[in-house]
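Asks: fold the following and give me the result.
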Amino acid sequence: MSVKYDGQVAIVTGAGAGLGRSHALALAARGAKVVINDLGGRDGSLSAGSLAVVAEIEAAGGEAIANGANVADMTQVQLMVEQTMEKWGRIDILVNNAGILRDKSFGNMPIEDFKLVVDVHLMGAANCSKAVWNIMKAQQYGRIVMTTSSSGLYGNFGQANYGAAKMGVAGLMNTLCIEGEKYGIKVNCLSPTARTAMTEDLIEDKRVLEMMTVDSVTTGLLALVAKESPNRAILGCGAGGYARAVIKETDGIYLSPEEQTPENILAKWDELEDESNSKELKAGWMQTNKYVAKAAEFLGIDLTAK
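Replies: Below is the predicted model:
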């Protein structure tokens, strides 16, 4: 199997540097036409980074255009999508990569910084996904990747805003992959660990930074936007390591109406959190069915009987 994107059009946000640049170059090298989105100036000027990436792709024989839309502004995002459609007539791949950091402990964090990070990461991903959604539906094909983070999946001191936004995009993926499946749209999350301008000041050991290449993360991105990609996967990537992160629920316990007290929940906590029979639930209704089935079994109710 050879992964190619010949004839496909990709939009990569935050592609003027770092991971976004790496993603865009790799997609172009494998045949995609690429929109290099990177926040431009207030006067409408394009960033030097986006223009440099376009030049690099064109020098290698590929096709690319620069765009300066602010992903947190739906009007600008819609104009970016219109520009893409006018140029190439389709959109096959969307990589939601644009992001910022405003790190500070929660107690000291201005709420404006919380909102700004959520607007760029979560609303930016929602805006871009919404703008391409009906195009992909009409095509009966699309690949969308959200960029999540270990800070969202597991937590990280000083990143309440970033973590909330990054867990938010995983939740967005969970629903969009269900809604898009019958239209040939697959939605996944990339959870990267790489040396970029956003992360290199946080890690002191240069040996670690040398292992955390952007190329190793882009390899994972390429898999998630391939025709053969999975659906509803959170792919962790870093330093050559690749793993799927999974949200699971324990089998849990059942308490009869008479037993339903906070004391009993705490008393049975060890049993409740036993992971031996934990399962991945692939839709919200599966949790409801699970709890109702436990209750029906205890109460002797046959839910299959009409």
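Asks: now residue 146: which helix or strand?
Replies: strand 142-147 (DSSP states H and E).
Asks: with just CA atoms, put that strand into PDB.
Replies: What follows is strand 142-147, C-alpha atoms only, in PDB (Å, rounded to 0.1, in the frame of the first residue of the first chain):
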ATOM      1  CA  GLY A 142     -13.600  13.900   3.400                       C
ATOM      2  CA  ARG A 143     -10.900  13.600   6.000                       C
ATOM      3  CA  ILE A 144     -10.800  15.900   9.000                       C
ATOM      4  CA  VAL A 145      -8.100  15.900  11.800                       C
ATOM      5  CA  MET A 146      -8.400  17.700  15.100                       C
ATOM      6  CA  THR A 147      -5.200  18.400  17.000                       C
END
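Asks: so which elements touch it?
Replies: strand 93-96, helix 124-139, helix 160-180, strand 185-193, helix 214-224 (3 or more CB pairs under 8 Å, 6 or more residues apart in numbering; DSSP states H and E). Placement of C-beta: from N, CA and C, glycine included.
Asks: go through these and pick out the most buried.
Replies: Comparing the helices and strands packed on strand 142-147 by mean neighbour count (mean count of other CB atoms under 10 Å), strand 93-96 ranks first with a mean of 29.
Asks: where do the domain boundaries of this protein fall?
Replies: Listed by automatic domain parsing, the domain ranges of the chain are 9-245, 248-299.
Asks: a markdown table please, covering the ones you listed and showing distance to residue 305 and mean pLDDT.
Replies: Below are the domains of the chain laid out as a markdown table (distance: least, CB to CB, whole Å; pLDDT from 0 to 100):
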| stretch | distance to residue 305 | mean pLDDT |
| --- | --- | --- |
| domain 9-245 | 29 | 95 |
| domain 248-299 | 11 | 96 |
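Asks: reformat these as TSV; add distance to residue 3.
Replies: Shown next, in TSV, are those (distance: least, CB to CB, whole Å):
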stretch	distance to residue 3
domain 9-245	5
domain 248-299	25
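Asks: deepest of those, which one?
Replies: domain 9-245 (a mean of 19).
Asks: got a list of what residue 121 touches?
Replies: Each residue near residue 121 by CB atoms under 8 Å, 6 or more residues apart in numbering is listed here: 98, 99, 100, 147, 162, 165, 166, 168, 169.
Asks: what is the nearest of those to residue 239?
Replies: residue 147 (17.3 Å; CB to CB).
Asks: quickly list what that closest one is bridged to.
Replies: residue 190 (DSSP bridges).
Asks: which residues sit in contact with it?
Replies: Contacts of residue 147 by CB under 8 Å, 6+ apart are 19, 95-97, 99, 121, 125, 166, 169, 189-192.
Asks: mind listing the helices for the chain?
Replies: Listed in chain order, the helices of the chain (DSSP state H) span residues 18-29, 48-59, 74-88, 111-118, 124-139, 150-153, 160-180, 206-211, 214-224, 262-267, 269-272, 284-299.
Asks: who are the packing partners of the longest one?
Replies: This means helix 160-180. So helix 160-180, by 3+ CB pairs under 8 Å, 6+ apart, packs with helix 111-118, helix 124-139, strand 142-147, helix 150-153, strand 185-193.
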